[in-house]
Every structure is written in C-alpha cells, then in structure tokens.
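[1] Kindly generate the corresponding structure for this input.
(one chain, ligands or ions: 1)
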Amino acid sequence: MRNRMLKLMSLFAALALVASACGGSSGGDAAESGSDTPDEETDSGTDDGTVEEETDEGGEGGDTEGATGSVEVFSWWTGGGEAAGLDAMIEVFGTTDPGITFENSAVAGGAGTNARAVLASRLQAGDPPDSWQGHAGQELIGTYVAADQIEPLNFLYDEQGWLDVMPETLIPLISKDGNIYSVPVNIHRANVMWSNPTVLSDAGIEMPTSLDEFIAAMETLKSGGMDAPLAMGEQWTSLHLMETIMLASMGPDAWNGLWDGSVAWDSAEVTKALEDYNTVLGYTNSDSSTLSWQDAGQLVLDGNAAFNIMGDWQEGFFRELGKEPGTDYVWSATPGSDGVFQFLSDSFVLAKNAPNRDAAIAWLTVAGSNQGQDAFNPVKGSIPARNDADRSLYGEYLLSAMDDWASNTVVGSLTHGVVANDSWKSEIDSAVGLFLLDNDVANLQTALVAAHAANG
Ligand code: GAL
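    Model (predicted):
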C-alpha cells in the first residue's frame with residue numbers, strides 16, 4: 001500500500017510539473033517554439049527523424065541496423081482513423097527497415113477493452129508480443145513495470161537523442177528508478193466535445209461553455225424533439241464521460257487531489273460532480289451499450305445527436321470519413337473545462353524476452369522518430385509526443401490542440417491509464433457499470449470510496 005502511495009506521489013509530482021511547464025506560457029506555438037519547455041530544445045540529438053543516424057553507442061541496444069525477420073506489434077487500432085494512422089507509421093517502417101516483416105496483431109475494441117484482456121492472458125502464458133501499446137502513467141508503471149514484463153529503453157533514448165525532443169515532463173510518467181520504459185508516439189486530449197453545428201444553429205443554441213449552459217442546451221434540444229442530444233457508446237465511453245464531467249465540475253486541482261489523496265472521495269464536491277454526471281447521463285441514448293465510440297460519433301455527424309464527448313481520436317475518424325471540420329463538425333472543451341487539457345499518451349514498449357528483440361528495437365526507433373510521428377499523428381487525430389512536429393502536416397483542430405497542450409493546465413486521464421493503475425481503474429469501472437443500471441449516486445460514491453481505500 002505504502003509503495004503504491006509513493007508511486008502515485010511521484011506520478012503527481014510529475015503531473016504537477018507538466019501542469020506548471022505547460023501552464024506558464026500564453027498560448028504559445030508548441031511546434032514552432034520547439035517545445036513547451038523551449039529552452040530545452042536542442043538540435044544536437046542524433047535523431048533528426050531518420051534511422052540512418054543511429055549510432056553504435058547504444059549499450060544494451062546494440063546495432064539493429066539491417067535487422068531482418070519479423071516483429072509482432074500489438075495494439076487496438078483496427079478501424080476509423082486508428083488503423084489508418086498505424087498503417088502510415090508501418091509504411092515508414094517499411095522504408096527504414098525493408099528487411100523486417102511487420103506482424104500487426106491489433107485486436108478490435110475501443111480503449112483496448114478487448115485487446116488488453118488478450119494481452120494479459122498472453123503475458124500470463126509467457127507468450128508476449130515483441131512490442132505493445134501501453135498508456136503513459138500508471139497503466140505502464142503500475143502494471144507492466146510492476147510485473148517486470150518490459151525492458152528499460154534508456155539505451156535507445158541515448159542513441160536517438162530522444163531526451164532532447166520528448167517533453168521532459170512526460171519522461172517521469174514512463175520511468176521508474178531512473179529507467180525509461182516506453183516510447184510515446186502521441187498526446188491525445190480526452191476532454192473534447194464534438195458537436196453538429198447545423199443542429200445547434202437550427203435550434204438557436206450557442207456553444208455551451210459551462211455545465212449549466214450545457215444542460216440548458218440539451219433541455220432545449222429535448223423539448224424540440226431530440227430524445228438524446230448527447231451521443232454515448234459502450235461502457236468505457238461512460239467512464240470517459242464521467243471523468244470529463246467530474247473534471248468540469250470539480251476543477252483541475254480537485255481532480256488531481258483525488259489521485260494524490262488530498263481530496264476525499266466522500267467529499268461534497270465529489271457528490272456534486274457525480275450528481276452532474278447523472279444529470280448529463282439523462283440526455284444520452286438508451287442504446288449506448290450496443291454502440292462503439294465511432295457509432296456515437298456518427299450520430300453527431302448524421303444530426304441524430306448534437307454532442308459527443310470523446311477523445312480527439314474522434315476527429316481522426318471524422319477525417320477518415322472525409323468530413324469537413326467547421327462544417328460537418330465543430331469542437332470545444334467539455335463544457336466547464338476550457339483551459340484544462342486532460343491528456344493521455346500512447347506509447348510502445350519492448351517485451352522482456354521479446355522473441356524478435358532487434359526487430360522490435362527497429363520498430364521502436366521509428367515510433368520515436370520525427371518521420372514516424374509526423375506520418376502517424378495527423379491521421380490518428382493526435383499531436384506528436386515529440387516537440388519538433390512539422391505543423392504544416394496538421395489540420396486546424398490538431399494545431400489548436402498543440403497550442404492548448406503548450407498553454408493549458410494539464411491533468412491526466414483515468415480511462416486511458418494516466419492517473420490510476422489497472423486494478424484501481426477496473427474497480428471504478430465496475431462501479432460505473434452498476435451505476436448505469438441503478439443511477440444511484442450514493443451507491444456510486446460509496447463504491448468509489450471503497451475503490452480508493454483498496455487501491456489508492
Ligand atoms: C485510447 C487510446 C487512443 C484510442 C482510443 C480509442 O485508450 O489511447 O489511442 O485508441 O483509446 O480506441
């Protein structure tokens with residue numbers, strides 16, 4: 001218990017750093033200024049985005065140039081923008097490492113709900129893929145590192161000069177005891193609301209910026225005949241909705257306090273946040289449990305719902321369908337959370353005893369490269385983890401996300417692995433599952449208090 005508390009404390013020290021590093025500037029231009037910590041930018045790293053610059057001084061990495069064979073990479077990116085983004089990075093890999101066959105072992109299901117169960121049983125059986133997708137934060141440190149399932153990658157960071165180009169504030173979220181355990185490919189934002197501009201203007205609704213305005217807007221739409229103004233999908237998307245509404249209701253400091261132990265789960269502000277969540281849920285579609293996050297986004301595109309609260313991979317899906325930003329859809333922070341960037345980061349790891357270690361290192365080298373990230377992210381709907389993106393490749397939404405990442409208060413996501421490890425998150429998820437059936441706020445809060453007591 002005490003160890004877990006220490007882990008959480010160091011996570012939150014890191015998150016506080018992220019917040020202060022990103023919160024100090026004033027709407028700066030993340031990519032052109034080089035970084036949210038611009039004074040750390042340097043051109044002296046060995047990585048200019050091409051793997052040709054690999055050096056041989058990699059210590060444990062060795063020289064993987066010219067590696068052959070195959071590499072098995074595991075993720076949950078199988079559709080709607082996500083598969084296309086992964087394909088774009090695989091294409092880069094095909095040019096940098098033509099001798100290696102890429103084995104794509106993606107398992108379908110948003111937020112990795114199915115994939116992570118498959119991965120867990122493979123790890124349990126001692127049959128790891130060479131590399132897999134894991135979220136920066138407690139999912140990585142509290143799960144795979146804690147179980148000794150992945151290798152440190154300091155040698156690759158040294159070789160590739162990545163400490164010069166990755167936000168230094170992200171590094172503690174993927175490190176333990178001085179070891180760095182993954183290669184972040186992106187930064188996603190969780191607290192985004194996607195809206196149908198025609199539905200809103202037809203109903204004479206201005207974009208809501210507070211929870212009260214949001215609820216009033218949904219009331220107006222409901223009395224105009226729209227049964228479910230807020231589109232929602234299967235259970236993990238309700239957890240996602242809950243965390244963004246709690247953040248909007250409580251504010252970033254109290255949200256952080258839930259995870260570092262300084263705000264009590266049985267406090268009045270948690271009760272109020274859960275009541276807000278319950279109110280908002282009252283405007284969602286009754287068939288949500290049968291819909292994917294893409295289906296929920298489609299309801300907005302089709303004008304069958306006005307709003308969907310979902311991470312910015314939703315934009316990757318919209319763009320993949322050829323939809324036009326500003327016309328087919330618009331975006332804003334989840335009402336009540338403007339100025340706060342609730343983040344998560346997808347990263348790739350190196351399995352302990354990876355069957356194809358050299359090929360896996362070659363894959364990770366591309367995942368961390370400028371070329372790989374600038375191929376992947378514009379399609380995936382995320383901004384690169386690296387601070388040297390070519391802004392000309394990114395659309396209007398992602399450029400705004402880069403600016404917000406550099407200027408907003410940054411907090412971590414629960415659903416996507418930053419603030420709680422798997423065991424805590426899964427207890428919270430079970431409590432939400434019951435809440436979706438009984439809508440009893442007091443029961444939910446009691447279950448959340450118990451989840452904290454068992455894991456926090
Ligand atoms: C998140 C992941 C994103 C996206 C999303 C929906 O957990 O970080 O990259 O894949 O799930 O599947």
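
[2] how about the strand or helix carrying Thr220: buried residues?
    Under the criterion DSSP states H and E, the helix or strand holding Thr220 is helix 211-223. For helix 211-223, a neighbour-count test (16 or more other CB atoms under 10 Å) marks 211, 214-215, 217-218, 220-221 as buried. Placement of C-beta: from N, CA and C, glycine included.

[3] In TSV, list those along with pLDDT.
    Shown next, in TSV, are the buried residues of helix 211-223 (pLDDT from 0 to 100):
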residue	pLDDT
Leu211	98
Phe214	99
Ile215	98
Ala217	98
Met218	98
Thr220	98
Leu221	98
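
[4] hang on, the earlier thing: how far out from the middle of the chain is the helix holding Thr220?
    The chain centroid and the centroid of helix 211-223 are separated by 28 Å under CA atoms, centre = their mean, to the nearest Å.

[5] just checking, what packs against the following helix or strand past it?
    Toward the C-terminal end, the helix or strand that comes next after helix 211-223 (DSSP H and E) is strand 230-231. If you count contacts as 3 or more CB pairs under 8 Å, 6 or more residues apart in numbering; DSSP states H and E, strand 230-231 packs onto helix 293-301, strand 307-309.

[6] pLDDT (mean, whole number) over strand 230-231?
    Over the span of strand 230-231, the pLDDT mean works out to 99.

[7] got it, and stretch 290-307?
    Throughout stretch 290-307, pLDDT has a mean value of 98.

[8] which residues sit against that stretch?
    Contact partners of stretch 290-307, identified using CB atoms under 8 Å, 6 or more residues apart in numbering, comprise 79-80, 110-111, 193-196, 198-200, 203, 205, 214, 217-218, 221, 226, 228-234, 237, 285, 288, 308, 310, 313-314, 317-318, 321, 323, 328-329.

[9] swap in stretch 323-333?
    Under CB under 8 Å, 6+ apart, the answer for stretch 323-333 is 191-197, 207, 209, 300-301, 312, 315, 318-319, 338-340, 395-397.

[10] So for that stretch, mean pLDDT?
    If you average the pLDDT over stretch 323-333, you get 98.

[11] First-to-last residue distance for that stretch?
    Across stretch 323-333, the terminal residues are separated by 20 Å (CA to CA, to the nearest Å).

[12] Just the helices from the stretch 101-250 of the chain, written as ranges.
    Under the criterion DSSP state H, counting those that start in this stretch, the stretch 101-250 of the chain contains helices at 113-124, 138-139, 154-160, 197-202, 211-223, 235-250.

[13] The last one and the ligand in contact?
    This means helix 235-250. No. Applying CB under 6 Å from any ligand atom, one finds that helix 235-250 is not in contact with the ligand, the shortest distance being 8.2 Å.

[14] Report all helices and strands that that helix contacts.
    Secondary-structure packing of helix 235-250 (3+ CB pairs under 8 Å, 6+ apart): helix 211-223, helix 252-260, helix 268-281, strand 307-309, strand 340-344, helix 422-438.

[15] just the angle between that helix and helix 211-223, please?
    With axes from the mean of the first three to the mean of the last three CA atoms, to 10 degrees as the criterion, the two stretches helix 235-250 and helix 211-223 enclose an angle of 130 degrees.

[16] now the angle from helix 235-250 to helix 422-438?
    90 degrees.

[17] gap between helix 235-250 and the chain center?
    14 Å.

[18] Just the CA trace of it, in PDB.
    This file holds the C-alpha atoms of helix 235-250, laid out as PDB (Å, rounded to 0.1, in the frame of the first residue of the first chain):
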ATOM      1  CA  GLN A 235     -19.400   1.300 -21.100                       C
ATOM      2  CA  TRP A 236     -15.900   2.600 -21.300                       C
ATOM      3  CA  THR A 237     -17.200   5.700 -23.100                       C
ATOM      4  CA  SER A 238     -19.500   6.300 -20.000                       C
ATOM      5  CA  LEU A 239     -16.400   6.200 -17.800                       C
ATOM      6  CA  HIS A 240     -14.700   8.600 -20.200                       C
ATOM      7  CA  LEU A 241     -17.800  10.900 -19.900                       C
ATOM      8  CA  MET A 242     -17.700  10.600 -16.100                       C
ATOM      9  CA  GLU A 243     -14.100  11.700 -15.800                       C
ATOM     10  CA  THR A 244     -14.600  14.700 -18.100                       C
ATOM     11  CA  ILE A 245     -17.700  15.800 -16.300                       C
ATOM     12  CA  MET A 246     -16.100  15.300 -12.900                       C
ATOM     13  CA  LEU A 247     -13.200  17.500 -14.100                       C
ATOM     14  CA  ALA A 248     -15.500  20.200 -15.300                       C
ATOM     15  CA  SER A 249     -17.500  20.100 -12.100                       C
ATOM     16  CA  MET A 250     -14.500  20.000  -9.600                       C
END
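
[19] Good, we can wrap up now.
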